[in-house]
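Asks: take this sequence and fold it.
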Amino acid sequence: MKYKVFIDGKEGTTGLRIYERLANRSDIELMLIPEELRKDLNERKKYINNSDITFLCLPDQAAIEALTLVENPNTKIIDASTANRCNIEFAYGFPELDKSFYDKIKNSKRVAVPGCYASGFMSIVYPLIKMNICNNDYPFACNAISGYSGAGKKGIMAYEDPNRNIEFDAPRLYGMGQMHKHLKEMQYIPGLKRKPLFNPYVCDFYEGMLVTIPLYIDELNKKVSPKELHDLFKTYYGENKFVRVMPYHDNGTESGFLSSNHLALKDYLEIYISGNEERINITACLDNLGKGASGAALECMNIMLGLDIETSLNL
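Replies: Next up, the predicted model:
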């Protein structure tokens, strides 16, 4: 049996990655809309309703509009936009957080793919709340750096312009008004009472991401050492291939350095825990285009269709 798959927004970074991964799948029939009709509502409506799975790799308003075109009750939607990540009618596409997330994805016809920064944040904060290490009113702060592929087409063009401004050579802080689009889900999914302080940086490398959450031990519900917290996370995630708790070192890694791009083209996330008797750092490393986008979307598709969860994924 071949599943019919339509990618609405194949020309974007995420859509293109999904297309490339599915192009040679023998169990997938990719439905390719003619270039001149890709913005035609009636034509898109036909493709969506004739598909088994439609990926929405679109800006938020376009994704919302696309959902109004769905009439076939059997068509499953995987939305890679920001639009439905806090919509209770959509499963949140991070199955490793808790069995309830996996079950909802498996049984749902509507799934929202998490944001890339939010994936790193959630992999850390959700277990902290679930294990009662932190209360949901803990004043979380989050520092993160990403490759420029997360900046969209215009951002990528700006970084790859040979005549670009010298400022693009160094990490650039943005979202300084604390209104980043991922903040809503970062608060909603773990049930935080307030949004975290979030400082994202875009940097001069193509893909990869580090997301760090600092903690004061004396502000935790359980006074745990960094090693004890590491062991709790290790128990929480077990031997999961998609979220891997890395071996413990006081300095995070054996060398004391952690590269933000070493998981480029991978579809899993790594967690590093380090610190001392007063303070702990927890850092998630992932590919913003992999586990942070196309890889997460395909993982959800595999679950929804009852396929081997690892199919087409680089683990």
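
Asks: make it CA atoms for all contacts and neighbour counts henceforth
Replies: OK.

Asks: tell me where the stretch 101-250 of the chain has strands.
Replies: 110-112, 141-147, 172-173, 197-203, 209-216, 243-245 (DSSP state E, counting those that start in this stretch).

Asks: give me the contacts around the first one.
Replies: Strand 110-112 is contacted from outside by 76-82, 84-85, 89-93, 105, 300, using Cα atoms under 8 Å, 6 or more residues apart in numbering.

Asks: neighbouring strands for it, and are they parallel or not?
Replies: Using DSSP bridges, strand 110-112 pairs in its sheet with strand 76-79 (parallel), strand 91-92 (parallel).

Asks: can you say which of these is nearest to Lys193?
Replies: With Cα to Cα as the criterion, Lys193 lies closest to strand 91-92 of the strands paired with strand 110-112, at 19.2 Å.

Asks: quick one: average confidence on that closest one?
Replies: For strand 91-92, mean pLDDT is 98.

Asks: one more: stretch 198-215?
Replies: The model assigns stretch 198-215 a mean pLDDT of 97.

Asks: list the buried residues for it?
Replies: By neighbour count on 16 or more other Cα atoms under 10 Å, the buried set for stretch 198-215 is 198-204, 206-215.

Asks: where in the protein is pLDDT low?
Replies: For the chain, applying pLDDT under 70 flags no range at all.

Asks: now do 90
Replies: Low-confidence segments of the chain (pLDDT under 90): 1, 10-12, 24-25, 35-41, 150-155, 179, 222, 250-254.

Asks: which residues in it form helices?
Replies: 13-22, 41-49, 60-67, 99-107, 116-130, 152-160, 183-188, 226-237, 295-304 (DSSP state H).

Asks: for Ile280, find the nearest of those.
Replies: When the helices of the chain are compared (using Cα to Cα), the closest one is helix 226-237, at 6.0 Å.

Asks: hmm, back to that, could I get the strands paired with strand 110-112 as JSON lines with mean neighbour count and distance to Gly256?
Replies: Putting these into JSON lines (neighbours: other Cα atoms under 10 Å; distance: least, Cα to Cα, whole Å) gives the following:
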{"stretch": "strand 76-79", "mean neighbour count": "25", "distance to Gly256": "38"}
{"stretch": "strand 91-92", "mean neighbour count": "26", "distance to Gly256": "34"}
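
Asks: in TSV, list those along with distance to Lys4.
Replies: As requested, the strands paired with strand 110-112 are exported to TSV (distance: least, Cα to Cα, whole Å):
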stretch	distance to Lys4
strand 76-79	11
strand 91-92	21
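
Asks: quick one: which of those strands is nearest Glu167?
Replies: Here strand 76-79 is closest among the strands paired with strand 110-112 (Cα to Cα), at 33.6 Å.

Asks: who touches the closest one?
Replies: Counting by Cα under 8 Å, 6+ apart, 52-57, 63, 108-113, 297, 300-301 sit against strand 76-79.

Asks: try stretch 158-178
Replies: Residues outside stretch 158-178 that contact it (Cα under 8 Å, 6+ apart): 148, 197-204.

Asks: and the furthest pair within these?
Replies: Maximum pairwise distance among these (Cα to Cα): 23.5 Å, between Leu197 and Asp204.

Asks: for Leu37, what are its contacts?
Replies: Leu37 neighbours (Cα under 8 Å, 6+ apart): 43-44.

Asks: same check, this time on Lys291
Replies: 116, 119, 266-269 are the contacts of Lys291 under Cα under 8 Å, 6+ apart.

Asks: cool, Gly256 as well?
Replies: The contact partners of Gly256, taken as Cα under 8 Å, 6+ apart, number zero.

Asks: how close does it sit to Phe233?
Replies: Between Gly256 and Phe233 the distance is 20 Å, computed by Cα to Cα, to the nearest Å.
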